[in-house]
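Undergrad: Pasting the sequence and the predicted coordinates here, then a few questions.
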Amino acid sequence: MKKVHLVLALFFLIGVGLLIGAGFTLKKSLELLNRGIETTGTVIQYRQSVDEDGRYSYYPIVSFVTSDGDTIIHSSSVGSSQRPHVIGGAVPVRYHANNPQNAIIDSFSGLWAGPLALGISGFLTMFPWPVYAVVLKKKKEKREWLKLYGERLNAKIQRVGLDTSTRFNEQHPFRIYAQWNDPHSGKVQIFKSESIWFNPGDYIKGENIEVLVDKNNPRKYWVDISFLPKIG
């Protein structure tokens, strides 16, 4: 569990960093949109890059002349899988009066693609941590409530098995599966423990295991595995 916490915390910090980067790029776009000088540039060539999957991205390089008569070569930080402009074609440009190198191609992608990409990436990267924290809190609250008010049942252990639907660090957790026959309804209730990251088989004594159940909602239960040792 400590590894899970560390990995999620690392992703959270990376997500925060991406959101900070999104804030800076958004600030730059807003400054150029509100105070930037408009001019027309010419696409002189494309810079290309290739990712691990062999997909190419193309970044336009634009030449434009400032109001002071200086020629600036600007390489766009926003690329695409296609060449959106023909070489020699005209494109609208915005640049900072005191720093002409601070420029963008005046288009939706030029203004907003960077902040949007960083913002969405940051949100998705940090999103698992608060979700995981909420899930842990809910589980703890449910467990504490069942300890106080739940009905204790002795369920018969059916098996100890791997939960192949869950994986972390290329490992699957174990779960204890048990069942209990309700003498009033005659129905069989199936229970499974929470994830256990070691084989608990050697520590199980007897054929039964205690389960705490909400009498008003049998689906709300907790298999009591407090007898198991903690991971060192």
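TA: Alright, I've got the coordinates.
Undergrad: all contacts plus neighbour counts: C-alpha atoms, from now on.
TA: OK.
Undergrad: in the longest helix anywhere in the chain, what's buried?
TA: As assigned by DSSP state H, the longest helix anywhere in the chain is helix 2-35. Residues of helix 2-35 classed as buried by neighbour count (16 or more other C-alpha atoms under 10 Å): 8-9, 11-23, 25-26, 28-29, 32-33.
Undergrad: State the mean pLDDT of that helix.
TA: Mean pLDDT, computed over helix 2-35, is 83.
Undergrad: Run me through the strand neighbours of the helix or strand following that helix, direction for each.
TA: Proceeding N to C from helix 2-35, the next assigned helix or strand is strand 37-50, under DSSP states H and E. Looking at strand 37-50 with DSSP bridges, its partner strands are strand 56-65 (antiparallel), strand 90-95 (antiparallel).
Undergrad: Tell me which residues are up against the shortest one.
TA: I take that to be strand 90-95. For strand 90-95, contacts defined as C-alpha atoms under 8 Å, 6 or more residues apart in numbering pick out 32-33, 36-43, 64, 101-107.
Undergrad: can I assume Q45 is in contact with P60?
TA: Yes. Shown here, Q45 and P60 form a contact pair, counting by C-alpha atoms under 8 Å, at 6.2 Å.
Undergrad: In terms of neighbours, single out the busier of those two.
TA: The residue with more neighbours, out of Q45 and P60, is P60; 25 against 18, by other C-alpha atoms under 10 Å.
Undergrad: Now that one. Nearest residue, chain neighbours left out?
TA: Distance criterion C-alpha to C-alpha, 6 or more residues apart in numbering; nearest residue to P60, sequence neighbours excluded, is Y46 at 4.6 Å.
Undergrad: Quickly note the distance from the one you found to A90.
TA: Distance of Y46 to A90, given as C-alpha to C-alpha, to the nearest Å: 14 Å.
Undergrad: Name the residue in these two with the higher neighbour count.
TA: Y46 (19 against 16).
Undergrad: which ones are touching that one?
TA: Applying C-alpha under 8 Å, 6+ apart to Y46 gives the contacts Y58, Y59, P60, I61, R83.
Undergrad: Can you pick out the most distant pair from the residues you listed?
TA: Within the contacts of Y46, I61 and R83 form the most distant pair, 11.2 Å apart (C-alpha to C-alpha).
Undergrad: sorry, back to before: got the contacts of Y46 as TSV, with pLDDT columns?
TA: Shown next, in TSV, are the contacts of Y46 (pLDDT from 0 to 100):
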residue	pLDDT
Y58	92
Y59	92
P60	92
I61	94
R83	88
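Undergrad: can you redo those residues as JSON lines with distance to E151?
TA: JSON lines is the format used below for the contacts of Y46 (distance: C-alpha to C-alpha, whole Å):
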{"residue": "Y58", "distance to E151": "64"}
{"residue": "Y59", "distance to E151": "65"}
{"residue": "P60", "distance to E151": "68"}
{"residue": "I61", "distance to E151": "71"}
{"residue": "R83", "distance to E151": "67"}
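Undergrad: Closest to H184 out of the residues you listed?
TA: Nearest to H184 out of these is Y58 (C-alpha to C-alpha; 70.3 Å).
Undergrad: Give me the more crowded residue out of I61 and R83.
TA: Neighbour count, other C-alpha under 10 Å: between I61 and R83, I61 has more, with 19 against 15.
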